[in-house]
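Asks: everything below, folded, please.
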Amino acid sequence: MSSHYEAPIREPLVLGEKSYHDISVDVGAPVLGKANKSWWIVFSIALVAFLWGLGCIVYTVSTGIGVWGLNKTIGWAWDITNFVWWVGIGHAGTLISAVLLLFRQKWRMAINRSAEAMTIFAVVQAGLFPIIHMGRPWLAYWVLPIPNQFGSLWVNFNSPLLWDVFAISTYLSVSLVFWWTGLLPDFAMIRDRTHSPFQKKIYTILSFGWSGRAKDWQRFEEVSLVLAGLATPLVLSVHTIVSFDFATSVVPGWHSTIFPPYFVAGAIFSGFAMVQTLLIVMRKVSNLENYITVTHIEYMNKVILLTGGIVTVAYLTEYFIGWYSGVPYENYTYLSFGAATGPYWWAFWALIICNLIVPLSLWVKKLRRNIKWTFFVALVVNIGMWFERFDIIVICLSKDRLTSSWAMFTPTFVDIGIFIGTIGFFFVLFLLYARTFPVIAQAEVKTILKSSGEKYKALRETGKDMTGAARDSRTSSDYKGFNVMARTPVSNSMVSEGRGGFGEDTIRHEPTVNADALIDNEVKKDQIDQMLVRVGRFDPADQKADDLKKISGVGPVMEQNLHQMGIYTYDQVSKMTKKDYDLLDDIIGSFSGRAERDDWAGQAKKLKK
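Replies: Residues are numbered from 1 along each chain as shown. Next comes the predicted model:
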């Protein structure tokens, strides 16, 4: 019990009387079931927006950048605002998946999958704007340091714009690998649960041969930690480099050393707000309230409060420096008296209200745990962070050092259309992801079920023995009159329409087996059950577990693996044959014939006397 201990003061992260089987069913239901009416309505709206944006992009490329609202003074405006906004939104996924993994934060496990997906889809949207802004997107490869037909033409490695290319492409690559690695156990779960031959074939390919052996899990953990180590510096570097686009210039309001940490904090601020927006909707539509709980939402609100506080300090610092410097040009920057009272006053006050004032309400615990208010605040923060980028770019550029070159920017219908199109494209990708990929990392949620599940926390608080607590009546049986030959191995219980129903033919497993951490497909569990019929079943009510570590070749980890497979006594080990050794080798992956060489059965016969 001590291995699953968690302080009683901590709230459960998995609500309800959930078992390992329930998690598989609940997470797999949106993928294996049919899309509901709400999904189709939202998808249709997103698709229309995407097609409108696609039409605006085609019109821009075919006609020219002149269809945008740019002018000689303001050469960057709506498009670069959107670029920085989308990159910022993509920050939360890496923070949740990498940094919180290194800090072993359990609450990340229900939300990391969707946050990582959001990161990838947001970076895809961000990458569209610089390419379109080139005017000739078919020449986009010129930004890469590769030989070209002009020979002497080479990229400028001193330019932060080139650094953007490397930073964002690296960020996208690492995020994609991290996301896909985490999906492997879940792809295998869908592969084993589906009854569609086509789906089974697709998810077999996507799961890369995942079998759930101990060696698979060991490599999974190692690769996850390595990728987390690689991704963590990206949380700081990517938006730092984006900030260099502005900070390395001499434009008043941009030439500031505070930009790198300010941009990073703002990116996490807006990224977590977007995660909140998506997950609050998804937990309702996909019936995942027991996994994405109010506790998760409160924790994310605390991160929003922290990063929002950092951003607020940056705002005050910028405003103070603009006044204290005494430079007249600084009075026309995005955080100045001139900005607050000038032609873009509405954008300035939208920034202050949305990013500084409204998030302060999250200091109140009742509001911080209120779903509707959190959703409202998340939307407001997303809007406010867009206005922040708009103010930085447009206000600072609109007032040049020569009054003759002062200008105003007004977006055209094409500017607005492309932006709305990227929002539609983002939601199209996210909705398709929610229908084809598990939106929650079920394998990781299972690892915290005994420590953070409501059912198990209640048992610990009452002081009850947790032996057999993982038993599920739908997947366990006392096996009276069990006929091995009459039973056909099948995949996990059929998920019917809706949340997943269970009929009389639901498959059942040996009650002493708790092999979910080793395997996640029913065929292997069938084979374990058949082995236990041959070697005997362990009954904790009448039998006492033996110290299997006395067998040469069995250490603490191997003993735990044997217990998970229902092997507790010398008598059971003494009846094992080569067929059983091969099965254990296949599942655990670290036998390599050692059990047969060391004659575990012979050793067990001597020990049981």
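
Asks: is it true that residue 398 touches residue 407?
Replies: Yes - judged on Cβ atoms under 8 Å, residue 398 makes contact with residue 407 at a distance of 6.0 Å. Yep, even glycine has a C-beta here, placed from its N, CA and C like the rest.

Asks: gap between the least confident helix or strand in the chain by mean pLDDT and the chain center?
Replies: Within the chain, no helix or strand scores below helix 454-461, which has a mean of 71 by mean pLDDT, DSSP states H and E. Distance of helix 454-461 from the chain centroid (Cα atoms, centre = their mean, to the nearest Å) equals 27 Å.

Asks: alpha carbons only: can I get that helix in PDB?
Replies: The C-alpha trace of helix 454-461 is given here as PDB (Å, rounded to 0.1, in the frame of the first residue of the first chain):
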ATOM      1  CA  GLU A 454     -11.300   8.400  -5.900                       C
ATOM      2  CA  LYS A 455     -12.100   4.700  -5.200                       C
ATOM      3  CA  TYR A 456      -8.600   3.800  -3.900                       C
ATOM      4  CA  LYS A 457      -8.200   7.100  -1.900                       C
ATOM      5  CA  ALA A 458     -11.500   6.300  -0.200                       C
ATOM      6  CA  LEU A 459     -10.300   2.800   0.700                       C
ATOM      7  CA  ARG A 460      -7.000   4.200   2.200                       C
ATOM      8  CA  GLU A 461      -8.800   6.800   4.200                       C
END
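
Asks: where are the low-confidence patches of the stretch 351-500 of the chain?
Replies: Where the stretch 351-500 of the chain drops to pLDDT under 70, the residues are 460-500.

Asks: quick check: neighbours shared by residue 398 and residue 407?
Replies: Residues touching both residue 398 and residue 407 by Cβ atoms under 8 Å, 6 or more residues apart in numbering: 73-74.

Asks: which one's more surrounded, these two?
Replies: When neighbours are counted by other Cβ atoms under 10 Å, residue 398 and residue 407 differ, and residue 398 comes out ahead with 22 against 14.

Asks: now that one: how far from residue 71?
Replies: Separation of residue 398 from residue 71 (Cβ to Cβ, to the nearest Å) stands at 10 Å.

Asks: again with residue 80
Replies: The value you get for residue 80 to residue 71, if Cβ to Cβ is used, is 14 Å.

Asks: looking at the two, which is more packed in?
Replies: residue 80 (21 against 15).

Asks: that older thread, for the least confident helix or strand of the chain, buried residues please.
Replies: The neighbour-count check on helix 454-461 (16 or more other Cβ atoms under 10 Å) flags 454-457, 459-460 as buried.

Asks: picking up where we left off before, what do residue 398 and residue 71 both touch?
Replies: 407, 409.

Asks: what helix or strand does the closest residue in space to residue 64 that isn't next to it in sequence sit in?
Replies: Spatial nearest neighbour of residue 64, excluding adjacent residues (Cβ to Cβ, 6 or more residues apart in numbering): residue 135 at 6.6 Å. Under DSSP states H and E, no helix or strand contains residue 135.

Asks: list the contacts for residue 135?
Replies: Per Cβ under 8 Å, 6+ apart, neighbours of residue 135: 61, 64-65.

Asks: which among these end up buried?
Replies: Burial by neighbour count, judged by 16+ other Cβ under 10 Å, picks out 61, 65 from those.

Asks: can I get the contacts of residue 135 in a markdown table with distance to residue 575 and secondary structure?
Replies: Shown next, in a markdown table, are the contacts of residue 135 (distance: Cβ to Cβ, whole Å; DSSP: H, G, I helix; E, B strand; the rest coil):
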| residue | distance to residue 575 | secondary structure |
| --- | --- | --- |
| 61 | 73 | helix |
| 64 | 81 | coil |
| 65 | 78 | helix |
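
Asks: which of the contacts of residue 135 lies closest to residue 340?
Replies: residue 65 (31.3 Å; Cβ to Cβ).

Asks: separation between the closest one and residue 79?
Replies: Per Cβ to Cβ, residue 65 is found 9 Å from residue 79.

Asks: common neighbours of these two, please.
Replies: Here residue 65 and residue 79 share the contacting residues residue 133, scored by Cβ under 8 Å, 6+ apart.

Asks: buried sites along stretch 45-61?
Replies: In stretch 45-61, counting by 16+ other Cβ under 10 Å, buried: 46, 49-50, 52-54, 56-57, 60-61.

Asks: closest to residue 330 out of the residues you listed?
Replies: For the buried residues of stretch 45-61, the nearest to residue 330 is residue 60 (34.5 Å; Cβ to Cβ).

Asks: distance between the helix or strand where the closest one lies and the chain's centre?
Replies: Element membership for residue 60, per DSSP H and E: helix 37-63. Counting by Cα atoms, centre = their mean, helix 37-63 is centred 25 Å from the centre of its parent chain.

Asks: same question for stretch 211-218.
Replies: 22 Å.

Asks: and what of stretch 11-21?
Replies: Per Cα atoms, centre = their mean, the centroid offset for stretch 11-21 relative to its chain is 20 Å.

Asks: pull out the buried residues from it.
Replies: Result for stretch 11-21 [16+ other Cβ under 10 Å]: buried residues 11-15, 18-21.

Asks: what's the answer for stretch 596-606, then?
Replies: Buried-residue list, stretch 596-606, by 16+ other Cβ under 10 Å: 596, 600-601, 603-604.

Asks: pLDDT of that stretch, averaged?
Replies: Averaging pLDDT along stretch 596-606 gives 83.

Asks: please apply the same query to stretch 128-143.
Replies: On average, the pLDDT along stretch 128-143 is 84.

Asks: kindly check the end-to-end length of that stretch for me.
Replies: End-to-end distance for stretch 128-143: 14 Å, by Cα to Cα, to the nearest Å.

Asks: circling back to that earlier point, so which of the buried residues of stretch 11-21 comes closest to residue 240?
Replies: Once Cβ to Cβ is applied, the member of the buried residues of stretch 11-21 that ends up nearest residue 240 is residue 13, at 32.4 Å.

Asks: mind checking how far the closest residue to that closest one other than its chain neighbours is from residue 162?
Replies: Counting by Cβ to Cβ, 6+ apart, residue 452 is the residue found nearest to residue 13 once chain neighbours are left out, at 4.0 Å. Distance of residue 452 to residue 162, given as Cβ to Cβ: 45 Å.

Asks: for those two, indicate the residue with more neighbours.
Replies: residue 452 (22 against 16).

Asks: that one: what's it in contact with?
Replies: Contacts of residue 452 by Cβ under 8 Å, 6+ apart are 6, 10, 12-14, 106.

Asks: got it, and residue 304?
Replies: Shown in contact with residue 304 (Cβ under 8 Å, 6+ apart): 269, 272-273, 276, 359, 362, 377-378, 381.

Asks: swap in 7 Å and give it another go.
Replies: Residue 304 makes contact with 269, 272-273, 359, 362, 381 under the criterion Cβ atoms under 7 Å, 6 or more residues apart in numbering.

Asks: can you put those residues in CSV and add secondary structure, distance to residue 313 and neighbour count?
Replies: Formatted as CSV, the contacts of residue 304 follow (DSSP: H, G, I helix; E, B strand; the rest coil; distance: Cβ to Cβ, whole Å; neighbours: other Cβ atoms under 10 Å):
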residue, secondary structure, distance to residue 313, neighbour count
269, helix, 12, 29
272, helix, 18, 28
273, helix, 18, 31
359, helix, 13, 24
362, helix, 17, 21
381, helix, 16, 26
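
Asks: identify, from the residues you listed, the entry nearest to residue 580.
Replies: residue 272 (50.1 Å).

Asks: if I look at the closest one, how far off is residue 82?
Replies: 19 Å.

Asks: and if you look at residue 170?
Replies: In terms of Cβ to Cβ, residue 170 sits 21 Å off from residue 82.

Asks: and these two? Which one has more around it.
Replies: Applying other Cβ under 10 Å to residue 170 and residue 82 shows that residue 82 carries more neighbours, namely 22 against 15.
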